[in-house]
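Visitor: can you look at this prediction? I've put the sequence above it.
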Amino acid sequence: MPESDPHDRQPPCAAGALWGIRKIAVREMQVGIAGLCDAVCEVQNRNLTRDDEIRAALVDAVSRQNYIPDPLREAYGEALLAEYYAVLKRYDKSTKRPV
């Protein structure tokens with residue numbers, strides 16, 4: 001049996017599930033991101049093709065609901081881009097939403 005994604009093995013926090021908060025690793029530190037699913041959908045709908053465009057769009061979308069310290073914007077961008085591609089691998093075609 002193939003190993004599943006770590007997000008699938010960890011039970012979600014009840015408060016996180018309620019508020020739509022997902023954890024991502026930024027510089028090896030777990031950070032809660034509100035609205036990540038919506039940000040991924042928004043960026044995906046823009047049909048961007050270059051990683052630098054996708055990264056910038058993700059940071060812009062996520063920063064509307066989350067504080068991103070200026071010195072860490074690049075690190076957040078890299079983490080968000082990695083999560084973007086991971087989420088797209090788990091994309092639910094029936095609901096047209098990341099899972």
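Guide: Received the coordinates, thanks. Numbering: from 1, shown residues only.
Visitor: count the residues that sit near residue 77.
Guide: Close neighbours of residue 77, defined as other Cβ atoms under 10 Å, add up to 22. Every C-beta, even on glycine, is put in place using the N, C-alpha and C of the backbone.
Visitor: give me the pLDDT for it.
Guide: Looking at residue 77, its pLDDT reads 97.
Visitor: how close does it get to residue 55?
Guide: 4 Å (Cβ to Cβ, to the nearest Å).
Visitor: could you do residue 30 as well?
Guide: The value you get for residue 30 to residue 55, if Cβ to Cβ is used, is 20 Å.
Visitor: please say which of those two ends up with more neighbours.
Guide: Neighbour count, other Cβ under 10 Å: between residue 30 and residue 55, residue 55 has more, with 22 against 8.
Visitor: can you tell me the helix or strand for that one?
Guide: Taking DSSP states H and E as the definition, residue 55 sits inside helix 51-63.
Visitor: okay, buried residues for that helix please.
Guide: Buried residues in helix 51-63, counting neighbours by 16 or more other Cβ atoms under 10 Å, are found at 54, 55, 56, 57, 58, 59, 61, 62.
Visitor: do the same with stretch 34-45
Guide: Under 16+ other Cβ under 10 Å, the buried positions of stretch 34-45 are 34, 35, 36, 38, 39, 40, 41, 42, 43, 44.
Visitor: you'd agree the third one is up against residue 83?
Guide: Yes - assessed by Cβ atoms under 8 Å, residue 36 is found in contact with residue 83 at 6.9 Å.
Visitor: how about low-confidence regions in this structure?
Guide: Low-confidence segments of the chain, defined by pLDDT under 70: 1-19, 91-99.
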